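Asker: Return atomic coordinates for the entry below.
(2 chains)
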Amino acid sequence: MSAARAELAELAGREYAYGFSTDLDTDFAPRGLSEEVIRLISAKKGEPDWLLDWRLGAYRHWRTLAEPTWQNVTYPPIDYDDIIYYAAPKKKAALSSMDEVDPELRAMFDKLGISLAEQERLSGVAVDAVVDSVSVATTFQARLAEAGVIFCSFSAAVRDHPELVRAYLGSVVPYRDNFFAALNSAVFTDGSFCYVPKGVRCPMELSTYFRINAAGTGQFERTLIVAERGASVSYLEGCTAPMRDEHQLHAAVVELVAMEDATIKYSTVQNWYPGDAEGRGGVYNFVTKRGRAAGARSKISWTQVETGSAITWKYPGVVLQGDGSVGEFYSVAVSAGHQQADTGTKMIHIGKDTRSTIVSKAISTGHGQNTYRGLVKMLRSATGARNHTRCDSLLIGGDCGAHTFPYIEVKHPSAQVEHEATTSKVSDDQLFYARQRGIGEEEATSMIVNGFCREVFRELPMEFAVEAQRLLSVSLEGAVG
Amino acid sequence: MNAVTRPATARRPPSGTDSGLAAQILDRASEPGWPPEPGWLRAARRRAAAWVEDHGFPTTKHEDWRYTKIDAALAVPMGTPPEGAADGGASVSVGDLVGPHLSGARIVVVNGRVVPELSSTGDRLPPGARVEALAGALQRLDGRLEPSWLWRAGDYPHALRAMNDAAAVDGVLIDLPPGTVVEDPIEVVFVAMPAGQPSWSHPRVIVVAGAGAGATLGETYLSGPGGPAVTNALTQVHLGAGAQLAHHVLQGERTDSFHFSSLEARLAEGSRLSSRLLATGGRIGRHEVDVVLAGKGADVDLDGLFLTGTGQHHDNPVLVDHAAPGCTSRQLYKGVISGDGHGVFNGHLVVRPGADGTDAAQVNKNLLLSERAEVDTRPRLEINADDVACTHGAAVGQLDPDALFYLRSRGVSEREARAVLVSGFAHEILERFGSGPIRRRAEELATAAGLIVLDEDGRSSGAVTAATTRARRGGRPQ
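Answerer: I've put the predicted structure just below:
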């Protein structure tokens, strides 16, 4: 074990590969939160009155709420009056081509390995890059527009398609949903909007990279995706954030709406700054994500690979409203160092013959704490509903923890719910088998861990699967033993 | 974060009722009828009552009581019930309820107090072993029971547990010196006899087993007519190194009664506890299990069967705390929910840092037999050591349509076929009640709750036998 301990120490010393901060000229709102700040955000973005009223309603509701404490994570109290709720890169003249994008900004994306130019040329992926809450560049608009797909920043959607935004905003995650959803609804600055009209298959994978940049600013994104009858869309979200000493709060809201026969696939690779070796710093990732499978035979699928953040706390869920609708949740969560994750899903079965699948793989190492918390609820109307849940935890080292808190609530006799879970360390037998064949311990462990996660990785779109595997092996480097 | 907190004390639940009731209990302690008590006990009662005042009774906002609403029980006056067998004027006597004396020691506790006329310690107890009324033992032994009484003082999981500390006056003490093995089962029958005076009772059982000692303990909970009775019982088990206890709980109270009971056990090195529950009665029946595996290589086996019918609510919180390395735990809880019954399984498995070599399994399976039946299950794992093998599983479903079809295709009626399948589902737990008188009592209760009980070979009698024989003759099962 001593070799392993040395490797653990080496891992602890590993620096965050994406820890840099780009010096951008930023436009700030004053610190703290008040109706004035919200009016300022709304005015800066030139929003219509109904949206301002909605924000103020959310803010007033938020004021009545207490921060929740039930989650299995610990962190020092957040001072909501010490956060800058709005920071935007200074406006430049409208850009006609990629070359006009701030070179510093482009260099930052290059470091992250998502050079816009490269993406545009090679990967065929449209990127709506959100830096410090304001969408900076959007590509492939033309091709998408041709298919009738609207994919733009949230601000642009409010400006150009207010009727759509107004119809769906808060329809899946109302601001009364929870503390952080209320906060987000009051202060969200930007995000992505996607609307796929009836019968359209979105011609490419859509993706957004979130960045947190200016020191001391929180990010409050809002994503809204609507797939009309028979439409389908695959959406990718990936994140890395620069190194910070100060804790950063990220409270995003993602809403998905799938109509009859529509399919939405939402994939996330999250690799925000997890804090240093002593657990200082790092991003608080408190996100509310929910999809409404509103129409018959609609399908919503969440896939997430969570390797970053000091604290990850989110439960992407699906409300299975339409008869025969399908919900899926595939997750890999890695907690290394002093990371804490309390994540899982909610599957609410309302319609007849609704089906849901949950596969959760949690890996804990170092002092990491990983909690799966999931709700499967079969309402009285959910005749013939099915759920299968599998959550496995892998523990590497004796100082970490893996916890499983499923909630299963069944109100219909024909509903079938199965939940299985296992917790174990990397099997000695498997390790021995691999070592016997001349494979080094680290490589063998990495192989076993990758095999452990395979079920989830194969759900990821191609370009993410590669990134996810790379992230996983970086996260586990030296952690084996 | 790493510290395993008992969540109930971490947060203060909103008060569910007027907590002046606890003070009322204390006032009672100074009434003439209350037996003289040692000073530490009075102090312990006062502290427990103060805890109830401070924390209030649990509500559904409280995580561990999320699915169980106890307002109706709290509406029953909480003062201590009338002393002795309050069956004067009642249509059913305590004697009728408890039935014939089985072999071995039997203690009958009515409304929280031992009734000596109905109790006998038997003549076959090995030398040194004692089975006696707790009230007497508290005075005789003075401070010796203090550690057990104060076990959870100030760290109560909820107010009902604290209420037992505040208000328990009697029950049973089972004291087994090292090496003593009691062959015959020790039976304790708890009867709530409201007899027109609905009230709470707080009986308590303390089992102290020295190293290598062994016994079988059967607890049966029954209630009589005359208004809702609330039983708030606590059994504390201390097992020394290598000690063994087989513990059986049969809860067959009337369906207007409220039943809350807790088993708290602490297991030393190499000791072994098996505890099983059959719950058929009560409007609310909540049997809580809280086991600490404190010594290396200790082993616990927990089973439960709840048959929940119309108007009933059964909650089964189970906490197994692996605090030492190399321990084994098994949990298997099965629920059969019919009518508008509501079943809950709330399993919680904790593995503390350093508890390497833990082998733990937790399984909950539920059958929903009707449109309005409801089940909530929450099998939780909290693991802080890496050299462990822990699994859990939960399943909720209806009777297997293929199995039903198989039986129907061989001429078994729908009704019979369903009965056979339900019996088979329940049999796995029922058969763990051994083969003696406790098993027979369990089968009686299950039958009264509408279950067709299979015999020890997995066969049944009467109509079902005919049905299964027909099915067997019809061909080999797939």
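Asker: Let me know the pLDDT of A:A12.
Answerer: Listed pLDDT for A:A12 reads 44.
Asker: Oops, could you answer that again for A:A182 instead?
Answerer: At A:A182, pLDDT is 93.
Asker: in the stretch 151-300 of chain B, which spans are strands?
Answerer: For the stretch 151-300 of chain B, the strands defined by DSSP state E, counting those that start in this stretch cover B:171-176, B:186-192, B:200-201, B:204-209, B:214-223, B:230-239, B:244-251, B:258-267, B:272-279, B:284-293, B:299-308.
Asker: Format those strands as a markdown table; extra columns: mean neighbour count and mean pLDDT.
Answerer: Where you see a C-beta, it was placed from the backbone N, CA and C, and this is true even at glycine. A markdown table is the format used below for the strands of the stretch 151-300 of chain B (neighbours: other Cβ atoms under 10 Å in any protein chain shown; pLDDT from 0 to 100):
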| stretch | mean neighbour count | mean pLDDT |
| --- | --- | --- |
| strand B:171-176 | 25 | 95 |
| strand B:186-192 | 27 | 93 |
| strand B:200-201 | 27 | 90 |
| strand B:204-209 | 25 | 96 |
| strand B:214-223 | 25 | 95 |
| strand B:230-239 | 25 | 96 |
| strand B:244-251 | 23 | 96 |
| strand B:258-267 | 25 | 97 |
| strand B:272-279 | 24 | 97 |
| strand B:284-293 | 24 | 97 |
| strand B:299-308 | 24 | 96 |
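Asker: Quick one: residues contacting A:Q340.
Answerer: Residues near A:Q340 by Cβ atoms under 8 Å, 6 or more residues apart in numbering or on different chains: A:72-75, A:310-312, A:368-371, B:1.
Asker: Top of the residues you listed by number of neighbours, please.
Answerer: Most neighbours among the contacts of A:Q340, by other Cβ atoms under 10 Å in any protein chain shown: A:N370, with 31 neighbours.
Asker: Got phi/psi on B:A213?
Answerer: Per-residue torsions, B:A213: phi -80, psi 160 (degrees, to the nearest 10).
Asker: what's the answer for A:A142, then?
Answerer: phi -60, psi -50.
Asker: Then the one 10 residues further on?
Answerer: For A:C152, the backbone dihedrals (degrees, to the nearest 10) come out as phi -150, psi 180.
Asker: what's the distance between it and chain B?
Answerer: For A:C152, the distance to chain B equals 41 Å [Cβ to the nearest Cβ, to the nearest Å].
Asker: so the nearest residue to that residue once chain neighbours are set aside, which of the three states?
Answerer: Nearest non-adjacent residue to A:C152, counting by Cβ to Cβ, 6 or more residues apart in numbering or on different chains: A:F193, 5.7 Å away. Three-state call for A:F193 (DSSP: H, G, I helix; E, B strand; the rest coil): strand.
Asker: OK, contacts around A:F193?
Answerer: Under the criterion of Cβ under 8 Å, 6+ apart, the neighbours of A:F193 are A:150-154, A:156-157, A:161, A:164-165, A:223-225.
Asker: and it, what are its bridge partners?
Answerer: A:C152, A:L224 (DSSP bridges).
Asker: quick one: B:A419 is in a helix?
Answerer: Yes - counting by three-state DSSP, B:A419 is located in a helix.
Asker: That one and B:T447 touch, don't they?
Answerer: No - contact criterion Cβ atoms under 8 Å: B:A419 and B:T447 do not qualify, at 11.6 Å.
Asker: Please identify which of the two sits among more neighbours.
Answerer: Between B:A419 and B:T447, B:A419 has the larger neighbour count (other Cβ under 10 Å), namely 19 against 12.
Asker: burial count for B:G154?
Answerer: As a burial measure, B:G154 scores 11 neighbours (other Cβ under 10 Å).
Asker: what do you get for the one 10 residues further on?
Answerer: Neighbourhood size, B:N164 [other Cβ under 10 Å]: 24.
Asker: wait, doesn't it sit right on B:S201?
Answerer: No - taking contacts as Cβ under 8 Å, B:N164 lies outside contact range of B:S201: 10.1 Å.
Asker: Show me the common contact partners of the two, please.
Answerer: What both B:N164 and B:S201 touch, as defined by Cβ under 8 Å, 6+ apart, is the set B:N232.
Asker: what residues does chain B put near chain A?
Answerer: By the rule Cβ under 8 Å from any Cβ of the partner chain, the part of chain B lying against chain A is B:1-2, B:11, B:63, B:67, B:353-354, B:356, B:366, B:368-398.
Asker: need the contact list for the most centrally placed residue in chain A.
Answerer: Closest residue to the average C-alpha location of chain A: A:T268 at 5.2 Å, with Cα atoms, centre = their mean. Residues counted as contacts of A:T268 (Cβ under 8 Å, 6+ apart) are A:236-239, A:302-306.
Asker: Who wins on neighbours among those?
Answerer: For the contacts of A:T268, the largest number of neighbours (other Cβ under 10 Å) sits with A:V305, at 30 neighbours.
Asker: low-confidence ranges in chain B?
Answerer: B:1-35, B:79-92, B:101-102, B:454-478 (pLDDT under 70).
Asker: actually chain A, sorry about that
Answerer: Ranges of chain A meeting pLDDT under 70: A:1-27, A:87-140, A:208-218, A:239-247, A:463, A:467, A:474, A:477-481.
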